[in-house]
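Participant: need the 3D shape of this:
(one chain, ligands or ions: 1)
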Amino acid sequence: MTLRPAFADTPWFGGDYNPEQWPEEVWEEDVELMRSAGVNLVTVGVFAWSLLEPEEGRYEFGWLDRALDLLHANGVRVDLATATAAPPPWFSESYPESLPVTVDGVRLSPGSRQAYCPSSPAYRSAARRLARALAERYGSHPAVVMWHVNNEYGCHVSRCYCDESAASFRRWLKAKYETIGSLNAAWGTAFWSQSYGSFEQILPPRATPAFPNPTQSLDFDRFSSDELLACFLEEKAVLRDVTPDIPVTTNFMGTFRNVDYWTWAPHVDVISDDLYPDPADPDAARGAALARDLMRSLGRGKPWLLMEQSTAAVNMRPVNVPKAPGQLRALSYQAIARGADGICFFQWRQSAAGAEKFHSAMLPHAGTETRIWREVVRLGSELGELGDLVGASTQAHAALVFDWDSRWAIEQTGLPATSNYLALVAPWHAALTEAGLTVDLTRGDEDLTAYPIVIVPSLFVLTDAQAKAIDAAARAGSVVLVTSQTGVVDENLHARLGGYLGGLQQTLGVWIEEFWPLGGAWARPGAIPVAPESTVAPTVRVRGSVFGPEAIDGVEWSESVHVRDATVRAVFEEGHLSGWPALTRKAHGAGAAWYLATRLGRRDTAALVAQLIAESGVHVRTPFIDGEGGFVETVQRGDTLFVINHGTTAVTLGEEGTDLLSNADSLGLVIEPQGVALIAPMEACLAGFRATDSVIASAPMPK
Ligand code: GAL
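Facilitator: Residues are numbered from 1 along each chain as shown. The predicted model follows:
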C-alpha cells in the first residue's frame with residue numbers, strides 16, 4: 001500500500017485544536033470560526049492522554065468521536081496525535097521508575113508534561129498501546145489525514161540518567177563496539193584510570209568530580225538522540241501496521257540542539273517544524289530562515305509543514321513581546337518561500353486555564369474583534385488562493401555544513417574554548433541569505449559538487465567522508481570556505497595528529513599548529529545568533545584586501561596557520577600571531593578552497609561572502625531598488641519570487657511581473673515593513689547551475 005498524499009490542493013492552514021479544554025457548546029463556534037478563517041487542518045489530541053485513557057486500559061473515546069465528526073462535517077482535516085507526550089497521573093503513580101532523572105540524580109515529578117524516561121519499558125509499552133488503540137479506532141475516520149506522533153521529542157527531557165537509561169546505554173554501546181577493548185580504545189580510557197573491565201561497569205555521564213570522558217559524553221548524546229528516535233519508531237511501526245497508507249509526522253524544533261535530525265529525517269514521512277522566533281530579537285527573521293532551510297534540507301527538498309508558531313506572544317520567555325502587526329504573515333510567507341506547504345499555529349483557541357493561557361492563539365481571549373483574528377483571517381484567505389505553489393521546489397545556490405556531532409563536541413568542556421556552535425554557523429547563513437542566495441544545509445558527507453558555494457563552519461569532528469565530499473566539491477569547481485576549528489578530532493574525539501585540519505590539509509594547502517582563542521566575553525548558547533558582535537567579544541586586528549583598505553576585527557579566535565600551497569589573503573596584525581595568516585586561498589581543481597582562521601563580525605562576514613559569490617559566478621537577483629532599513633528577504637520558489645520586508649523602512653520593487661497577493665504590477669510596488677510580495681511569473685532557476693550556465697539572470701537593479 002502506498003502513502004496517501006500528505007498535502008492538499010492548497011496549503012494547509014490551521015493549528016493545534018484542543019477541544020478537551022472547552023465545554024462542547026464551544027465546539028460549534030470553533031468550527032464555524034474555523035470555516036470563516038479558512039482553516040483546513042487541525043492537530044487534535046496532543047496532550048489528551050489523561051482524558052483518552054483515564055485509567056490503565058480503559059479508554060474514553062466518545063468526546064474525540066464527536067470532535068472528529070464535527071470537524072469532518074465542516075470540512076476540516078485532522079492530523080491526529082498519538083497523545084503520548086504527557087503521561088497521565090495514574091501512569092506516574094503506577095510506574096514511578098518511569099520518571100526521568102537529571103544528570104545530578106534528581107528524579108523529576110509529574111505535574112507538568114513530558115515526565116517520562118525515553119528508555120522506560122513501561123512508558124514504551126503504554127505509548128504503543130495508546131497509539132494502537134487510536135489507530136484502530138480512527139484509522140478509517142474520513143477526517144484523519146496524518147498521524148502526529150508524540151510532540152517535540154526531547155523538548156524538556158532529552159537526556160535521562162536513570163538506571164533504565166544506563167542499561168539501555170550499555171546495550172547501545174555493546175551494539176556499537178562489540179568488545180569492551182574497542183570501547184576502551186575509542187574512549188581513550190587509559191587516561192585518568194578509566195579502563196573498563198566489562199560493559200556492566202559503564203554508566204551515563206552523570207555528574208562527576210571533574211570533566212567527564214569526552215567520548216563517553218558524545219556517545220551519550222548520540223545514544224540519547226537514538227533513544228528518542230526509537231520511541232518514535234515504535235509508535236510509527238504500530239501506526240504503519242494498522243494504517244499503512246496514512247503519513248506519519250512528528251514535530252521538529254528548528255535547530256534544536258539535543259536531537260540529530262539528520263538521523264531522524266529519513267524515518268519521518270512529512271518533515272514538520274515548530275518555530276517561535278522572538279519578536280524582540282531584530283535578527284529573528286534571519287535565524288528563522290536558517291531553521292526553514294534546515295527543514296527543507298532534511299526532507300531533501302520535499303515540502304514540509306510549519307506545524308507550530310505563535311500568532312503573537314509566547315509565554316516561555318521572561319518577557320514575551322508580541323509579534324508586530326503583520327509579522328505573523330511575513331514569517332508565514334518566509335516558511336512557504338522556503339518550502340513549506342502548510343502554516344499552522346499553536347493553538348486554535350487561547351486557553352483560559354493552565355500553564356499556557358498567556359500564550360497567543362489564532363482566536364484570542366478577546367475574541368474576533370481583534371488584530372490577531374483579523375490577521376489570521378487574512379492569511380487564511382490568501383493561502384487559499386496559492387494552490388499553484390503547493391509542491392513547487394525552492395532552489396538553492398549554496399550549501400552550508402551543519403553537523404550535530406561537531407555541535408555536541410565543540411560545546412563540551414575541556415577544550416581550547418567552549419563554543420556556541422550555532423553562533424559559528426548562523427552568521428554564514430545570514431550573510432548568504434542577505435546577499436539574496438538560498439542555502440541548503442547538509443551534514444557534509446554527500447555529493448556537494450552541484451553547489452557553486454560550499455561553506456564549512458567549524459566542522460570540529462571531521463569524518464573521512466566529509467573531508468572527501470568537501471574536497472570533491474572544490475575539485476569540481478565549487479568555491480569552498482572552511483573556517484577555524486575544523487578537522488580538530490575524529491569521530492571518537494581523538495585529536496588529528498600532525499597538524500589540525502585532518503583530511504582537508506591537502507584541499508586547503510594549509511595546516512594548523514596551535515589554537516589561540518582571545519580572552520574576554522563570548523557568545524553563549526541561546527537564540528540563533530547570526531552575528532558575533534551581538535555580544536561583547538574580544539577582537540584582534542586583521543588586514544586583507546577582501547575586507548577593504550582598513551584593518552578589521554577578527555573576533556574571539558585565532559590560530560597559527562602554516563601555508564603549504566595556498567596564497568595568504570589576510571594576516572593578523574597584532575598579538576602573538578602578528579604577521580601570521582588569517583585567511584588563505586588555494587586554487588584547487590576547477591574550484592577554490594579558502595580557510596579562515598578567525599571569526600568575523602557581520603560586515604566582514606558579508607564582505608567575504610561577497611567575494612565567494614563573485615568568484616562563483618552566481619548572479620544574485622536584487623529585486624528592490626531601495627531599502628536600507630534592514631533585512632529584505634528574497635527567495636524563489638517555483639516560478640514565484642518572494643520578497644519579504646523584515647526591515648524597518650519601505651522598499652520599492654524593481655522587478656517586472658505581477659504580485660500574486662495584490663494583483664498589482666510589481667514594478668514600482670512599495671513593500672512596507674512586514675509586507676510581502678509574490679512576484680510571478682519568474683524565469684525558473686535550476687539547481688546546481690554554475691558560473692558558465694548561470695540562470696538567475698536578472699540584472700541587479702540600479703540603486
Ligand atoms: C511547543 C509545544 C506546544 C506549546 C508551544 C508554546 O513547544 O509543542 O504544545 O507548548 O510550544 O509555544
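Participant: show the average pLDDT along the helix or strand harbouring residue 634.
Facilitator: If you go by DSSP states H and E, residue 634 is part of strand 632-637. Here strand 632-637 scores 94 as its mean pLDDT.
Participant: and for the following helix or strand past that strand, what are the contacting residues?
Facilitator: As assigned by DSSP H and E, the chain's next helix or strand after strand 632-637 is strand 640-645. With contacts defined as Cβ atoms under 8 Å, 6 or more residues apart in numbering, strand 640-645 is touched by 285, 330, 333-334, 336-337, 389, 392, 621, 623-624, 627, 632-636, 651, 653, 655, 657, 660, 671-682. Any C-beta I mention is one placed from the backbone N, CA and C, and that applies to glycine too.
Participant: which residues touch residue 262?
Facilitator: By Cβ under 8 Å, 6+ apart, residue 262 lies in contact with 298, 403-404, 443.
Participant: nearest to residue 74 among the residues you listed?
Facilitator: The closest of those to residue 74 turns out to be residue 298 (Cβ to Cβ; 32.8 Å).
Participant: could you dump the contacts of residue 262 into JSON lines and include pLDDT, distance to residue 514 and secondary structure?
Facilitator: Conversion of the contacts of residue 262 to JSON lines gives the following (pLDDT from 0 to 100; distance: Cβ to Cβ, whole Å; DSSP: H, G, I helix; E, B strand; the rest coil):
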{"residue": "298", "pLDDT": "98", "distance to residue 514": "37", "secondary structure": "helix"}
{"residue": "403", "pLDDT": "98", "distance to residue 514": "24", "secondary structure": "coil"}
{"residue": "404", "pLDDT": "98", "distance to residue 514": "27", "secondary structure": "helix"}
{"residue": "443", "pLDDT": "98", "distance to residue 514": "28", "secondary structure": "coil"}
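Participant: determine which two of these are furthest apart.
Facilitator: 298 and 403 (13.2 Å).
Participant: comparing those two, which shows the higher neighbour count?
Facilitator: Higher neighbour count among residue 298 and residue 403: residue 403, with 27 against 20, using other Cβ atoms under 10 Å.
Participant: list the contacts for that one?
Facilitator: 262, 443-444, 459, 461, 466.
Participant: which of those residues fall within helices?
Facilitator: Judged by DSSP state H, the subset of the contacts of residue 403 located in helices is 262, 466.
Participant: ok, the top strand by length along the chain: who's next to it in the sheet?
Facilitator: Looking across the chain with DSSP state E, the single longest strand is strand 581-588. Strand pairing for strand 581-588, using DSSP bridges, gives strand 567-572 (antiparallel), strand 591-596 (antiparallel).
Participant: packed most tightly, which of those strands would that be?
Facilitator: With neighbours taken as mean count of other Cβ atoms under 10 Å, these reach their highest mean count in strand 591-596, at a mean of 26.
Participant: what comes into contact with it?
Facilitator: Contacting residues not belonging to strand 591-596 are listed as 473-484, 501, 504, 507-510, 561, 566, 569, 582-586, 608, 612, 615 [Cβ under 8 Å, 6+ apart].
Participant: and the next element down the chain from it?
Facilitator: Following strand 591-596 in sequence, per DSSP H and E, is strand 599-600.
Participant: give the rounded mean pLDDT of that next one.
Facilitator: 97.
Participant: can you check stretch 216-232 too?
Facilitator: Rounded mean pLDDT across stretch 216-232 is 98.
Participant: what residue in the stretch 251-400 of the chain comes nearest to the ligand?
Facilitator: Nearest residue of the stretch 251-400 of the chain to the ligand, counting by Cβ to the nearest ligand atom: residue 346, 4.3 Å away.
Participant: hang on, that residue packs against residue 310?
Facilitator: Yes - proximity of residue 346 to residue 310 meets the contact threshold set by Cβ atoms under 8 Å, at 6.7 Å.
Participant: the two - which one has more neighbours?
Facilitator: Comparing residue 346 with residue 310 by other Cβ under 10 Å, the one with more neighbours is residue 310, at 26 against 23.
Participant: grab the nearest non-local neighbour of the more buried one.
Facilitator: Setting aside the residues directly before and after it, residue 310 is nearest to residue 360 in space (Cβ to Cβ, 6 or more residues apart in numbering), at 5.1 Å.
Participant: for the one you found, what are phi and psi?
Facilitator: phi -60, psi 160 (degrees, to the nearest 10).
Participant: quick check: it vs residue 328, distance?
Facilitator: 9 Å (Cβ to Cβ, to the nearest Å).
Participant: show me which of the contacts of residue 403 are buried.
Facilitator: 262, 443-444, 459, 461, 466 (16 or more other Cβ atoms under 10 Å).
Participant: any idea which of those is closest to residue 557?
Facilitator: For the buried ones among the contacts of residue 403, the nearest to residue 557 is residue 459 (14.7 Å; Cβ to Cβ).
Participant: no further questions, thank you.
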